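Participant: predicted model follows, preceded by the sequence.
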There are 2 protein chains.
Amino acid sequence: MSQPQASCPIGVFDSGVGGLTVVRALMDRLPFENIVYFGDTARVPYGVKSVSTIEHFTLQIVDFLQKQQVKMLIIACNTMAAVAAEKVREVSPLPVLDVIEAGARCAVQSTQSGGIGVIGTPTTINSNAYARAIHSLGQQYHVYSQACPLFVPLVEEGWLEHPVTRLTAEEYLKPVFVEQIDTLVLGCTHYPLLKPLLSDVAGPRLKLVDSAIAIADETAQLLQEQGLANPQRTMPDYRYFVTDVPLKFRSVGERFLGRNLGAIEQVSIDRL
Amino acid sequence: MSQPQASCPIGVFDSGVGGLTVVRALMDRLPFENIVYFGDTARVPYGVKSVSTIEHFTLQIVDFLQKQQVKMLIIACNTMAAVAAEKVREVSPLPVLDVIEAGARCAVQSTQSGGIGVIGTPTTINSNAYARAIHSLGQQYHVYSQACPLFVPLVEEGWLEHPVTRLTAEEYLKPVFVEQIDTLVLGCTHYPLLKPLLSDVAGPRLKLVDSAIAIADETAQLLQEQGLANPQRTMPDYRYFVTDVPLKFRSVGERFLGRNLGAIEQVSIDRL
């Protein structure tokens, strides 16, 4: 493969729609970068699948994005980041960022007390990937993790400020509040949509770390350092690839992205 | 294929764990029947997949169960019943029952006013399969459908009597209550676990139809009519096959079944 060009797009991928919160943060932070998004909507959710299956699917997606001539890869899915990030770095010559490393680095910069809470899906929490990533930055941090299985369906239902969501958040965060933490990592790409409600429930005692914003900052820095920032100042090109009929992807995705999605292209999994 | 024997097991299948509510009803209604259950846990949920993919997976499962020498098939998954029941009846020489037909028949027997409500997952509701099944029994019925996307994750979280679940049920059922209905079909295999809460929220104005109990009754009748009821009065044999590591299947499944699951066998999807 030839050297990546600065004008090439950034490749972002996820098991479904959640990674669009990362795309949104990238659009805000880097308004002139082209982006190619891949959401494996036919095989979502990855959380329930075995490690070898997740690795296999992930490498198929990486291969697809490399054929789209992306200049770097962003793993916007916590499950893929937890399970297959190392594999991606092994096989791809491109720079690779993932949401877990970005979230961990940002949490470490944010905490004063050294106590960090992490909320995520059961798979992400059970993988212990955030705790590993945080401890690789320093053994002194105390990490407290809490799975919040209902947050994803609540976000997909669109109940972002609903009393049901508030009651659920209070229930999940109750054990988190008794821990000595000052920082809470939103360890799932769906959770940034709950930020207003979670800020309100958590109150001023906790700083919320949004991995989407963290990874957009890291992307900006990486592109600068490697001379890969797009010098063009024209309207960027955004392309979205999904593996199933894009009906739900569009309706839920526009909520995630905060704007219209434009054209969405469907790719058959048999062609991966 | 040779004629099915009365001593052969009943084959029950679902995309995941939900069909165990049907197994539970069968165990109660037909305590001497052997049962083979298949849950496609590696590929769950089916709701987001295309019709041709669902048909393909369904026929693989039917083939697997036929090799297990089952004497009849029960489609315990609303999505498969909505999308692939006809295909199953086309390819299999065995008697086939499905949850949608059973629920529709029971609703029609239950209603006095002719107004029937149906709650289910978005896929089931959007497929319009319950309305079609009810109208095939009589054009006079008025069917009102309501998708309840959060009920499945709430049941899987185990919040069967939780204030969050109650608030969610009140929200979903609000538009149902203003309709002129006297019967409410629980159109998803997860919902029987919410029956106490839903009865309480709905009050005496609505009769709840549990498809699991309806299909157990129909199974008893079918076995009797076709001379397929197991004459043996020994402890029956229950076998469970799943396609992914059965950890979550066991923990959630035992809640669905109301008893221990015993041995669970994992089948690779590559072997289907």
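Facilitator: Received it, and whenever you're ready, just let me know what you need. Numbering: from 1, shown residues only, chains lettered A, B, ... in the order given.
Participant: now whatever residue of the stretch 51-200 of chain A ends up closest to chain B. Nearest residue, chain neighbours left out?
Facilitator: Chain B sits closest to residue A:153 of the stretch 51-200 of chain A, with a gap of 4.2 Å, by CB to the nearest CB. (Each C-beta comes from the backbone N, C-alpha and C, glycine too.) Take residue A:153 and drop its neighbours on the chain: the residue closest to it by CB to CB, 6 or more residues apart in numbering or on different chains is residue B:153, 4.2 Å away.
Participant: pull the CA atoms of the helix or strand containing residue A:100 into CSV?
Facilitator: Residue A:100 belongs to helix A:99-110 when elements are defined using DSSP states H and E. Listed next in CSV are the C-alpha coordinates belonging to helix A:99-110 (Å, rounded to 0.1, in the frame of the first residue of the first chain):
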residue,chain,number,x,y,z
VAL,A,99,-11.9,5.3,22.0
ILE,A,100,-10.7,3.4,25.0
GLU,A,101,-7.1,4.7,24.9
ALA,A,102,-8.3,8.2,24.2
GLY,A,103,-10.8,8.0,27.1
ALA,A,104,-8.2,6.6,29.5
ARG,A,105,-5.7,9.4,28.6
CYS,A,106,-8.3,12.1,29.0
ALA,A,107,-9.5,10.7,32.4
VAL,A,108,-6.0,10.6,33.7
GLN,A,109,-5.5,14.3,32.7
SER,A,110,-8.8,15.2,34.3
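Participant: contacts for that helix, please.
Facilitator: By CB atoms under 8 Å, 6 or more residues apart in numbering or on different chains, the residues outside helix A:99-110 that reach it are A:22, A:74-78, A:81-82, A:85, A:116, A:118, A:124, A:129-130, A:133-134, A:136-138, A:141, A:182-183, A:185-187, A:189, A:207, A:209, A:211-215, A:217-218.
Participant: mind doing that once more with 6 Å?
Facilitator: A:76, A:78, A:81, A:116, A:129-130, A:133-134, A:137, A:183, A:185, A:207, A:209, A:211, A:214-215, A:218 (CB atoms under 6 Å, 6 or more residues apart in numbering or on different chains).
Participant: and it, average pLDDT?
Facilitator: The pLDDT scores in helix A:99-110 average 97.
Participant: list the buried residues in it.
Facilitator: Within helix A:99-110, the residues that count as buried by 16 or more other CB atoms under 10 Å in any protein chain shown are A:99-108, A:110.
Participant: and what of stretch A:32-52?
Facilitator: Applying 16+ other CB under 10 Å to stretch A:32-52 flags A:33-49 as buried.
Participant: which ones among these are found in strands?
Facilitator: The strands, defined by DSSP state E, take in A:35-39 from the buried residues of stretch A:32-52.
Participant: after the strand or helix carrying residue A:152 comes which helix or strand?
Facilitator: Per DSSP H and E: residue A:152 is located in helix A:151-157. Toward the C-terminal end, the helix or strand that comes next after helix A:151-157 (DSSP H and E) is helix A:163-177.
Participant: what helices and strands are in contact with that next one?
Facilitator: On a contact count with 3 or more CB pairs under 6 Å, 6 or more residues apart in numbering or on different chains; DSSP states H and E, helix A:163-177 meets helix B:163-177.
Participant: which residues sit against the helix it packs on?
Facilitator: So helix B:163-177 is contacted by A:164, A:167-168, B:117, B:146, B:148, B:150, B:154, B:159, B:201 (CB under 6 Å, 6+ apart).
Participant: before we move on, what about stretch A:73-84?
Facilitator: Contacts to stretch A:73-84, defined as CB under 6 Å, 6+ apart, come from residues A:11-12, A:14-15, A:19, A:22, A:46-47, A:51, A:54-55, A:58, A:85, A:94, A:96-100, A:123-124, A:127, A:129, A:187-189.
Participant: what's the ChimeraX syntax to select whichever of these are buried?
Facilitator: The ChimeraX selection below is limited to those of the contacts of stretch A:73-84 classed as buried (16+ other CB under 10 Å):
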select /A:11,12,14,15,19,22,46,47,54,55,58,85,94,96,97,98,99,100,123,124,127,129,187,188,189
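Participant: so for residue A:2, what's the pLDDT?
Facilitator: For residue A:2, pLDDT reads 63.
Participant: show me which residues of the biggest helix by length in chain A are buried.
Facilitator: When chain A is scanned for its longest helix (criterion: DSSP state H), the result is helix A:51-67. Neighbour counts over helix A:51-67 (16+ other CB under 10 Å) mark A:53-55, A:57-62, A:64-66 as buried.
Participant: just the closest of those residues to residue B:254, please.
Facilitator: residue A:53 (25.0 Å; CB to CB).
Participant: residue A:260 - how many residues pack around it?
Facilitator: The local packing of residue A:260 (other CB atoms under 10 Å in any protein chain shown) involves 8 other residues.
Participant: which stretches in the stretch 101-250 of chain A count as helices?
Facilitator: Using DSSP state H, counting those that start in this stretch, the helices of the stretch 101-250 of chain A run over residues A:122-127, A:129-135, A:151-157, A:163-177, A:195-202, A:211-225, A:247-257.
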